[in-house]
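In: Could you work out the structure for the sequence below:
(one chain, ligands or ions: 1)
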Amino acid sequence: MTETLRFDSSSSELHLLDQRILPHQTAYIRCRTHGEVADAITTMVVRGAPAIGVAAAYGVYLGALEALKNQESISHTMEQVFALLAASRPTAVNLFWAIEKMRRVSERHMTADPQIWRQALLEEALRIHADDVESNRRMGAYGAPLLPAGGGVLTHCNAGALATAGYGTALGVIRSAVSAGRGIQVYATETRPFLQGARLTAFELLQDNIPVTLLCDNMVGSLMAQGKIQAVVVGADRIAANGDTANKIGTYTIAIVAKEHGIPVYIAAPCSTIDLQIASGDQIVIEQRDPAEVTHLQGHHIAAAGVQVENPSFDVTPARFISAIITDKGVAYPPYRETLAQLVGSD
Ligand SMILES: CSC[C@H]1O[C@H](OP(=O)(O)O)[C@H](O)[C@@H]1O
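Out: Numbering: from 1, shown residues only. Reported below is the predicted structural model:
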């Protein structure tokens, strides 16, 4: 699988796979400043909760290099770096989790030699990067047994290697199930308006020789009614303490229809996506994106000129529609308020 991102320590550049032009073009955007990383997150060059977190960690490091060059106080500059990266997208908690981890390292080493401070930040960013891939493999192993052998499994958006530092969350569970010989048939929704499913999930799975069937978002109910889907597994951007989960727009609809058909809905997300600071999903900020994503398709104006547009990028699925939450530390079942806190607090 093509690398989502890579950091060149010699040139101090973050290379981001430009996900806006996949699958027909493969190109990397080079980021040399924290501002360029923030722009790449906002414009979805890099996207997916864990991938955004890893990119932001490197963005903090690039900001530290800028702080060492300019004359202003390092701590003042770093506060601006943290703030700009935190403002890049509001919903995925991994962004804020990664920035906070980098902030703690910065403050712990700020009084040391500036080169020791810089090196500590680089090592933390590299650790966040490496840990994400290991976390996804553990999640895959926990989740694979939940997927129905020989059954149809629906996924929405892209929660794959392209949404993480590698292997994926929901697609990591699917990859592990396929590797375990469970013979699942994958169904992927196209996921309007950014088309993460049609462009990214289909691309990823076909690259791994995993058969996948693409469907329009409005076909989910029909396929469930036909008995083609036996499980749903999706990623997450922020999970509240009670298990309410923010994920790509359309997840809530899928979960309601799945409930109607008695189909289990699984969330696959690392513990870094669980936000115990919020009690329930109604506290999750939902990103509203540019209406042009809805009215245009790859630059072509497809909607009637002047039409009003709603473009929320996420919705919240209440915990009552979620059968289990697969994490890198184990699987949580209801009551989530207790089981999520136990997992997050465990080693
Ligand atoms: C593995 S988290 C992926 C998660 O992020 C996606 O959103 P976006 O493509 O806008 O960053 C989507 O919600 C996925 O489930």
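In: Which residues are in contact with the nearest residue to residue 281 once chain neighbours are set aside?
Out: Leaving aside its chain neighbours, residue 281 sits nearest to residue 244 (2.8 Å; criterion: CB to CB, 6 or more residues apart in numbering). All C-beta spots, glycine's among them, are computed from the backbone N, C-alpha and C. Residue 244 is in contact with 280, 281, 282, 284, 316, 317, 318, 319, counting by CB atoms under 8 Å, 6 or more residues apart in numbering.
In: Looking at residue 244 now. What's its pLDDT?
Out: The score at residue 244 is 98. That number is its pLDDT.
In: can you tell me if stretch 266-281 touches the ligand.
Out: No: judged by CB under 6 Å from any ligand atom, stretch 266-281 stays clear of the ligand, getting no closer than 6.8 Å.
In: Next, the buried residues of that stretch.
Out: Neighbour-count burial for stretch 266-281 flags 266, 267, 268, 269, 270, 271, 272, 273, 274, 275, 278, 281 (criterion: 16 or more other CB atoms under 10 Å).
In: Pull the most distant pair out of those.
Out: Longest distance between any two of these is 21.4 Å, between 266 and 278; criterion CB to CB.
In: Got phi/psi on the residue nearest to residue 281?
Out: With angles defined as degrees, to the nearest 10, residue 244 sits at phi -60, psi 140.
In: Please apply the same query to residue 153.
Out: Dihedral angles for residue 153 - degrees, to the nearest 10 - are phi -120, psi 120.
In: Next up, the contacts around it.
Out: Taking CB under 8 Å, 6+ apart, we find residue 153 in contact with 147, 174, 177, 184, 185, 186, 187, 229, 230, 231, 232, 233.
In: can you rerun that using 7 Å?
Out: Shown in contact with residue 153 (CB atoms under 7 Å, 6 or more residues apart in numbering): 147, 174, 184, 186, 187, 230, 231, 233.
In: Need the nearest residue in space to the third one, chain neighbours excluded.
Out: Pointing back at residue 184 there. Once flanking residues are discounted, residue 184 sits nearest to residue 153: 4.8 Å by CB to CB, 6+ apart.
In: hmm, back to that, and the contacts of residue 153, which is closest to the ligand?
Out: The closest of those to the ligand turns out to be residue 233 (CB to the nearest ligand atom; 10.4 Å).
In: Model confidence for the residue nearest to residue 184, exactly?
Out: Per-residue confidence (pLDDT) for residue 153: 98.
In: Could you do residue 294 as well?
Out: Predicted confidence (pLDDT) at residue 294: the value is 98.
In: buried stuff in the helix or strand harbouring it?
Out: Element membership of residue 294, judged by DSSP states H and E, is helix 292-295. The neighbour-count check on helix 292-295 (16+ other CB under 10 Å) flags 293, 294, 295 as buried.
In: Tell me who's in contact with the second one.
Out: The reference is to residue 294. Applying CB under 7 Å, 6+ apart, the residues near residue 294 are 193, 303, 309, 311.
In: again with residue 318
Out: Residue 318 makes contacts with 244, 281, as judged by CB under 7 Å, 6+ apart.
In: how near is it to residue 338?
Out: 17 Å (CB to CB, to the nearest Å).
In: now residue 267, what's its secondary structure?
Out: With DSSP: H, G, I helix; E, B strand; the rest coil as the basis, residue 267 sits in strand.
In: what does this structure put close to the ligand?
Out: 47-50, 157, 159, 163-164, 169, 196, 234-235, 237, 247-248, 313.
In: from the residues you listed, which ones fall inside helices?
Out: 49, 50, 196 (DSSP state H).
In: I'd like to check which residues are in contact with the closest residue to the second one other than its chain neighbours.
Out: In this structure, residue 50 finds its nearest non-sequential neighbour in residue 164, 4.1 Å apart by CB to CB, 6+ apart. Remark: with contacts taken as CB under 7 Å, 6+ apart, residue 164 is in contact with 4, 48, 50, 51, 132, 136.
In: Also residue 17?
Out: 2, 3, 4, 5, 28.
In: tell me the pLDDT at it?
Out: At residue 17, pLDDT is 98.
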